[in-house]
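Novice: Using only what follows, build the 3D model:
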Amino acid sequence: MSRENGLLKRTLSNLAWLLAGKGVGAVLSLIYLGLAVRTLKSEGFGQFTLVFSTAQAIAAFVSFQTWQIIIRYGVRHVTAQDESALSRLTGFCIGLDVSGGIAGCLISWGGVTLLGPLLGWSNALSNAALAFCFVILLSVRSTAVGLLRLHDRFGVGAMADAVTPIARFIGAIAATLWNPTVTGFLIAWAIADIITAVAYWVCVLWTMPRSLRMSDLRQGWQAPRENPGIWRFTWLTNLNSIIGTGCNNIVLLLVGIFTGATDAGHYRLAYQLSQALVRVSEMFSRAVLPELARAHASQEADNIRLLLRRSTGLAIVVTVVIAVALAAGGRPVLQLVAGHAYLTAFPLLVTLGIAASLDLIGVSFEPALIATGHAGRALQVRIARTGVLFATLAVLMPYLGTMGAALGMVASAILGLGLSAITTSKALAKAQKLSDTLTNRP
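Specialist: Numbering: from 1, shown residues only. Model prediction:
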């Protein structure tokens, strides 16, 4: 088997494990989402989603995406079989996770105080929202995720990842039976997040205990010296997180502020169902990044280009299949999950599905930029598409409400796909030139 086919085979194998974990979650998520919608009704579900989006937005603002840092810089230590250096890198990333979580708790106090009156939260709901934010922010697991993916333990990671939907499913049933309130569902989701974080770290301790040697973890402050450029990469991943995940949740908060909790609930439901595409996109991104990083570390520009071309082709096929299924089965799924009252969200579902389809087509572009050391260019693309998103919201939301927000997501996705394709092509041309230079060096 050729080296190129080996790269693609490992990527697809990694993706299969991720899909296995998410397959269970996809089915369970429809059930627990339906329980939340039917139990809390339109207004209550809208408030629940606004609290959840607030926590996710704040988490995005303080997240350093340490799983990407582990993969980007850890692959060199794994190749050199330098366990101590990898442990110090792990300690550095854990420090980032914890520091970000603590900073996020401080931000959430001010954020909830500010947003509560705008979103119509009672004092009790504001307190519950603040506690929920604390749990989400302090249940850190990004570094553990990166360690498992760095060592190709995608099967173990899939088992840990499946804990979230299972725990939410059980929690949703418990909330429905004993505490059918917004607070009850927030407690269920918070417990699920804690259990998932514990599961990930248990998996790391079980599969690679030497990566968590305390003597080396305490020396995490040495990681910047051993991994040149890590601080720049760290801040770039943070900005990527803010502009990506953070802005998506800010859109929902804006919908809640300007159109009310009920419309926010409709938007969130449509967005959640359309995320079937985005989840595939995210999983493919996470599966392909380690292989792109290995190819770049070995100065194999041809392999990067081939893997990118094949993965993009596969993504287009998957996009077409899922997009058709979403358009054909969207109405029945909406009625099954939420009931007849939510069928008005179908146009939102289709529009957000189009945006997600465009994101899936370009799924490999950002990992390619990150793996080849061009995280700054990935950030520039995100900044451009975010600017278009909020400009479109400003123009369309006053007239079209939630549909204006959905169309803004489409406009952002179109620009993002075009810019990502152009930027990645230029980055790979540069990598190819460097590879040719090294090959011809006497």
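Novice: show me where the stretch 151-300 of the chain has helices.
Specialist: Ranges of helices in the stretch 151-300 of the chain, per DSSP state H, counting those that start in this stretch, are 154-161, 163-178, 182-207, 214-217, 223-226, 230-241, 247-259, 261-297.
Novice: can you tell me which of those helices the model trusts least?
Specialist: Mean pLDDT values for those show the minimum at helix 261-297, a mean of 65.
Novice: what sits against the nearest residue to residue 45 once chain neighbours are set aside?
Specialist: In space, and not counting its chain neighbours, residue 45 is closest to residue 265: 4.3 Å by Cβ to Cβ, 6 or more residues apart in numbering. Heads up, the C-betas are built off the backbone N, CA and C, glycines and all. Residue 265 is in contact with 37, 42, 43, 45, 46, 48, 49, counting by Cβ atoms under 8 Å, 6 or more residues apart in numbering.
Novice: Show me how to select, in ChimeraX, the buried members of those residues.
Specialist: Buried residues within those, by 16 or more other Cβ atoms under 10 Å, are selected in ChimeraX with:
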select :37,42,45,46,48,49
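Novice: Out of the contacts of residue 265, which one has the lowest pLDDT?
Specialist: Across the set of the contacts of residue 265, residue 42 stands lowest in pLDDT, at 84.
Novice: That residue and residue 262 touch, don't they?
Specialist: Yes. Judged on Cβ atoms under 8 Å, residue 42 makes contact with residue 262 at a distance of 4.5 Å.
Novice: what packs against the helix or strand harbouring residue 127?
Specialist: Assignment of secondary structure by DSSP states H and E places residue 127 within helix 123-138. With contacts taken as 3 or more Cβ pairs under 8 Å, 6 or more residues apart in numbering; DSSP states H and E, helix 123-138 sits against helix 3-62, helix 83-119, helix 182-207.
Novice: Any buried residues in it, and which?
Specialist: Within helix 123-138, the residues scored as buried using 16+ other Cβ under 10 Å are 125-126, 128-138.
Novice: of all these, which comes closest to residue 343?
Specialist: Minimum distance to residue 343 across the buried residues of helix 123-138 is 28.1 Å, recorded for residue 125 (Cβ to Cβ).
Novice: wait, what's in contact with that closest one?
Specialist: 47, 51, 116, 182, 183.
Novice: ok, now residue 396?
Specialist: The contact partners of residue 396, taken as Cβ under 8 Å, 6+ apart, are 403, 404, 405, 407, 408.
Novice: Dump those residues to JSON lines, plus secondary structure.
Specialist: Listed next are those as JSON lines, based on DSSP: H, G, I helix; E, B strand; the rest coil:
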{"residue": "403", "secondary structure": "helix"}
{"residue": "404", "secondary structure": "helix"}
{"residue": "405", "secondary structure": "helix"}
{"residue": "407", "secondary structure": "helix"}
{"residue": "408", "secondary structure": "helix"}
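Novice: Just the buried ones from those?
Specialist: Buried subset of the contacts of residue 396 (neighbour count, 16+ other Cβ under 10 Å): 404, 405, 407, 408.
Novice: now stretch 211-228, how far from the centre of its chain.
Specialist: Relative to its chain's centre, stretch 211-228 lies at 26 Å (Cα atoms, centre = their mean, to the nearest Å).
Novice: Give the buried residues for that stretch.
Specialist: For stretch 211-228, the neighbour count (16+ other Cβ under 10 Å) marks 211, 212, 213, 216, 217, 219, 220, 222, 223, 226, 227 as buried.
Novice: Quick check: end-to-end length of that stretch?
Specialist: End-to-end distance of stretch 211-228 (Cα to Cα, to the nearest Å): 20 Å.
Novice: So what touches that stretch?
Specialist: If you take Cβ under 8 Å, 6+ apart as the criterion, stretch 211-228 is touched by 73, 83-95, 147, 204-205, 230-231.
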